[in-house]
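Asks: My questions are about this predicted structure, shown below with the sequence.
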Amino acid sequence: MQPKFRSLSGRINRADVEACGKFNERKMEIIRTVDRLRKAVAEARAEGKTIGLVPTMGALHDGHMSLMRRARGENDVVVASVFVNPTQFNNKEDLATYPRTEEADCEKLESEGVDIAFIPSVEEVYPEPDTRQFALGAVAETMEGAMRPGHFNGVAQVVSKLFAMVEPTRAYFGEKDFQQIAVIRKIVQLEGFDIEIVDCPICRESDGLAMSSRNTRLTPEQREVAPVIHRVLSSSVDWAKDHTLAETKRYVIEEINSFPHMEVEYYEIVDPLTMQPLESWDSPCSGRPVGCVTAYCGKVRLIDNIRY
């Protein structure tokens with residue numbers, strides 16, 4: 001379904017740019033082509049304005065909105081992309097069932113004062129197959145990298161394209177995807193982008209479940225169980241004070257798996273910069289260790305993390 005927003009001018013091609021509503025006298029453009037996006041951000045840069053980019057895959061929730069608010073407070077212009085990137089999915093069923101809620105997404109973006117919503121087609125982003133292979137190194141080889149072959153290369157493909165299109169001053173990402181942030185910093189290094197990467201805290205539901213677009217796929221019974229992920233992670237911080245790292249990992253996995261519908265895919269305690277698993281609490285570490293978990297609740301794959 002197309003958003004029910006009225007064009008600013010009958011002369012504007014709907015496939016190119018649309019406008020939707022007002023936010024405190026601020027108008028938001030919906031842009032669907034790369035050419036129009038480049039022109040819009042070039043105009044902003046020519047006026048000396050800072051640009052904040054928030055890449056998303058849509059199905060927006062309050063966690064995404066917290067990124068929009070952060071970007072709104074730190075930049076003159078805010079660009080949000082809404083694009084379900086096929087190259088980062090190694091599971092066709094996961095891609096097919098990923099929620100798509102464009103009209104509701106536009107309403108939410110408008111309410112947070114976003115200036116530009118970039119909502120392209122797959123053909124617009126990938127007019128030709130993207131065969132680039134990124135030398136992401138060790139940060140992309142563990143955890144998600146090991147479980148989802150090709151996933152981070154797909155992330156690198158789309159993020160590098162968005163960065164080149166928008167050339168933002170800052171780009172905003174949520175810490176729920178903790179490893180992905182490390183990968184994105186690597187992309188910035190490899191491609192030589194002059195962009196500040198801003199990582200933002202995880203937003204949670206009132207029962208502790210990390211906000212995620214995938215949560216909408218949980219059945220009512222699964223939704224009741226899913227917050228156990230965060231509860232166990234939280235309890236493991238105290239547990240870790242009197243137990244080894246290996247014992248802490250075992251505790252988290254066994255506790256989560258003891259609940260119905262739950263099955264841990266992996267749990268690793270890693271260096272927060274290198275993403276390399278630690279062998280003990282005494283292992284050299286560039287900061288507070290981070291415990292990263294992926295668990296299935298039924299068929300829904302959920303991720304979360306916590307600092308020790």
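Replies: Received the coordinates, thanks.

Asks: switch to C-alpha atoms for all contacts and neighbour counts from now on
Replies: Will do.

Asks: For residue 181, give me its contacts.
Replies: Contact analysis of residue 181 by Cα atoms under 8 Å, 6 or more residues apart in numbering lists 173, 175, 199.

Asks: could I get those as TSV with distance to residue 81 and pLDDT?
Replies: Below are the contacts of residue 181 laid out as TSV (distance: Cα to Cα, whole Å; pLDDT from 0 to 100):
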residue	distance to residue 81	pLDDT
173	12	98
175	18	98
199	17	97
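
Asks: May I ask which of the residues you listed has the most neighbours?
Replies: In terms of neighbours by other Cα atoms under 10 Å, these top out with residue 173 at 22 neighbours.

Asks: in a strand, that's where that one is, yeah?
Replies: Yes - Residue 173 sits within a strand when classified using DSSP: H, G, I helix; E, B strand; the rest coil.

Asks: Next up, identify which helix or strand residue 267 is on.
Replies: Using DSSP states H and E, residue 267 maps to strand 262-270.

Asks: likewise residue 197?
Replies: Here residue 197 is assigned to strand 196-200, by DSSP H and E.

Asks: Residues contacting the helix or strand following that strand from elsewhere in the structure, which ones?
Replies: Using DSSP H and E, the helix or strand that directly follows strand 196-200 along the chain is helix 220-225. Contacts of helix 220-225 from elsewhere in the structure, counted by Cα under 8 Å, 6+ apart, are 215, 259, 260, 261, 262, 297, 298.

Asks: which one of these is nearest residue 92?
Replies: residue 298 (17.5 Å; Cα to Cα).

Asks: and the nearest residue to the closest one once chain neighbours are set aside, how many neighbours?
Replies: In this structure, residue 298 finds its nearest non-sequential neighbour in residue 261, 5.0 Å apart by Cα to Cα, 6 or more residues apart in numbering. For residue 261, the neighbour count with other Cα under 10 Å is 17.

Asks: Can you give the strand pairings for the strand holding residue 197, parallel or anti for each?
Replies: strand 170-174 (parallel) (DSSP bridges).

Asks: Just the C-alpha atoms of the strand it pairs with, please, in CSV.
Replies: Below are the C-alpha coordinates for strand 170-174, written out as CSV (Å, rounded to 0.1, in the frame of the first residue of the first chain):
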residue,chain,number,x,y,z
ARG,A,170,26.7,11.6,11.3
ALA,A,171,25.0,8.2,11.0
TYR,A,172,23.0,6.6,13.8
PHE,A,173,22.7,2.9,14.8
GLY,A,174,21.2,1.1,17.8
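
Asks: ok, then the element right after that strand?
Replies: In N-to-C order, the element after strand 170-174 by DSSP H and E is helix 178-191.

Asks: How far does that next one sit from its chain's centre?
Replies: Its chain's C-alpha centre and that of helix 178-191 lie 13 Å apart, by Cα atoms, centre = their mean, to the nearest Å.

Asks: picking that back up, please spell out which residues along the strand holding residue 267 are buried.
Replies: Buried positions in strand 262-270, judged by neighbour count with 16 or more other Cα atoms under 10 Å: 262, 263, 264, 265, 267, 268, 269, 270.

Asks: which pair in those spans the largest distance?
Replies: 262 and 270, at 22.5 Å, using Cα to Cα across the buried residues of strand 262-270.

Asks: can you give me phi and psi for residue 283?
Replies: phi -60, psi 140 (degrees, to the nearest 10).
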